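K.L.:
This is a predicted model, with the sequence first.
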Amino acid sequence: MTQTIINPAAIDEPYLHVVAAIIWHPQGDQRFLIARRQKGKHLEDLWELPGGKLESGESRWQGLCRELAEEIDIQAVQGRPYMQVYHRYPERNVLLDTWVVNEYRGEVRPKENQLVAWVGIEALDEFRFPPADLPILEAITRTA
């Protein structure tokens with residue numbers, strides 16, 4: 001079950017808070033960055049927006065900045081909240097908290113041996129994504 005969330009404080013069950021970034025290609029050609037989940041991880045081999053779990057005591061922005069530095073070696077400079085989606089998987093519940101990163105420093109370089117790709121909206125059907133990501137991808141497609 002997937003639902004859009006407006007107030008995470010209203011969630012009355014345990015969940016993982018995951019922050020993820022919509023990073024548009026710097027050349028402005030309507031491609032954005034996706035990363036492939038590694039073998040052995042929950043939802044392995046599916047593609048996702050870059051990001052990861054929020055740690056205790058971090059703000060959403062701090063967590064996103066940390067995750068992007070750890071995973072793809074960039075320093076987020078400016079961003080804005082985009083959309084939150086709550087999804088119940090059989091093994092865990094996830095609040096996927098997405099942000100548009102408008103500006104960053106550095107070059108995208110995978111640091112965890114994961115595959116990354118700049119993908120256009122027209123090519124999304126060529127990739128498999130986790131269920132929680134689908135409403136976000138639909139929203140990106142509608143507004144691009």
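P.N.:
Noted; the coordinates are in hand.
K.L.:
This structure: strands as residue ranges?
P.N.:
With DSSP state E as the definition, the chain shows strands at residue ranges 2-4, 16-22, 31-36, 47-48, 51-53, 75-88, 93-105, 116-120.
K.L.:
Give me the contacts around the fifth one.
P.N.:
Outside of strand 51-53, the residues that reach it under the criterion C-beta atoms under 8 Å, 6 or more residues apart in numbering are 16-21, 63-64, 67-68, 70-71, 98. In short, each C-beta sits where N, CA and C put it, glycine included.
K.L.:
Any of those buried? List them.
P.N.:
Neighbour counting by 16 or more other C-beta atoms under 10 Å classes 17-21, 63-64, 67-68, 71, 98 among the contacts of strand 51-53 as buried.
K.L.:
Buried residues in stretch 49-65, which are they?
P.N.:
For stretch 49-65, the neighbour count (16+ other C-beta under 10 Å) marks 49-52, 54, 58, 60, 63-65 as buried.
K.L.:
can you list those in JSON lines and add pLDDT and distance to residue 75?
P.N.:
As requested, the buried residues of stretch 49-65 are arranged in JSON lines below (pLDDT from 0 to 100; distance: C-beta to C-beta, whole Å):
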{"residue": "49", "pLDDT": "97", "distance to residue 75": "17"}
{"residue": "50", "pLDDT": "97", "distance to residue 75": "13"}
{"residue": "51", "pLDDT": "96", "distance to residue 75": "15"}
{"residue": "52", "pLDDT": "94", "distance to residue 75": "16"}
{"residue": "54", "pLDDT": "95", "distance to residue 75": "18"}
{"residue": "58", "pLDDT": "96", "distance to residue 75": "16"}
{"residue": "60", "pLDDT": "96", "distance to residue 75": "17"}
{"residue": "63", "pLDDT": "97", "distance to residue 75": "14"}
{"residue": "64", "pLDDT": "98", "distance to residue 75": "11"}
{"residue": "65", "pLDDT": "98", "distance to residue 75": "7"}
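K.L.:
Residue 77: which of these is nearest?
P.N.:
Among the buried residues of stretch 49-65, residue 65 lies closest to residue 77 (C-beta to C-beta), at 9.0 Å.
K.L.:
what angle do the longest helix seen in the chain and strand 75-88 make?
P.N.:
Secondary structure of the chain per DSSP state H: the longest helix is helix 60-72. Between helix 60-72 and strand 75-88, the angle comes out at 100 degrees (axes from the mean of the first three to the mean of the last three C-alpha atoms, to 10 degrees).
K.L.:
Good, wrapping up.
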